[in-house]
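1. only geometry, no sequence info:
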């Protein structure tokens, strides 16, 4: 049996403690809030096409009643986007985006892919690191992705779960 203290090596050759690997796996299975219990939390991870940027952090959601026949949730967390490889010749920056549904004005509004409104740090103007707040109220089915941006075009996106 694997020791809980033994590191796991990722596909990119990074050593990740077994506990973090287990938490990330659990988060991937439980990320969709509509399947959550009263409160659920976990680590999240994803990398863009070409491994130019990765997103890693924590995310939690708490049940907050129901509306329009669906459960609604309040979320909390911080997800960091950092540059992995030198893709500066064709990638301007990396960004985090989210989508889902929000209860407002008596109905569920679909939120198309967009950047979270709150930055913890970094300005997203070039290579390096950007930290995002992912705190939302009265939402469901929130999804995250990390994307490359070049010439103002968002592409190379990958799920963050």
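-> Structure received. Since the model is a prediction, treat every value here as computed from it, not as a measurement.

2. pretty sure residue 144 is touching residue 158, no?
-> No. Under the criterion of C-beta atoms under 8 Å, residue 144 makes no contact with residue 158, lying 9.9 Å away. Placement of C-beta: from N, CA and C, glycine included.

3. Report the set of residues contacting both of the two.
-> residue 46 (C-beta atoms under 8 Å, 6 or more residues apart in numbering).

4. more crowded one of the two?
-> residue 144 (25 against 19; other C-beta atoms under 10 Å).

5. how close does the nearest residue to the more buried one once chain neighbours are set aside get to residue 108?
-> Of all residues not flanking residue 144 in the chain, residue 160 sits nearest, at 3.9 Å (C-beta to C-beta, 6 or more residues apart in numbering). According to C-beta to C-beta, to the nearest Å, residue 160 and residue 108 sit 23 Å apart.

6. From the contact counts, what lies against the helix or strand hosting residue 99?
-> Residue 99 belongs to strand 93-104 when assigned by DSSP states H and E. On a contact count with 3 or more C-beta pairs under 8 Å, 6 or more residues apart in numbering; DSSP states H and E, strand 93-104 meets strand 53-67, strand 70-83, strand 107-114, strand 129-133, strand 139-150, strand 153-160.

7. Most tightly packed of the ones you listed?
-> strand 139-150 (a mean of 21; mean count of other C-beta atoms under 10 Å).

8. If I average pLDDT within each of the helices and strands packed on strand 93-104, which one is lowest?
-> Among the helices and strands packed on strand 93-104, strand 129-133 has the lowest mean pLDDT, at a mean of 88.

9. Give the partner strands of that strand in its sheet and their orientations.
-> According to DSSP bridges, strand 129-133 forms sheet pairs with strand 70-83 (antiparallel), strand 119-121 (antiparallel).

10. Check the model's average confidence along the last one for me.
-> When you say that, I think you mean strand 119-121. In this model, strand 119-121 carries a mean pLDDT of 62.

11. Centre of the chain to the strand holding residue 99, how far?
-> Between the centre of strand 93-104 and the centre of its host chain there is 9 Å, according to C-alpha atoms, centre = their mean, to the nearest Å.

12. pLDDT averaged over it - what is it?
-> Averaging pLDDT along strand 93-104 yields 95.
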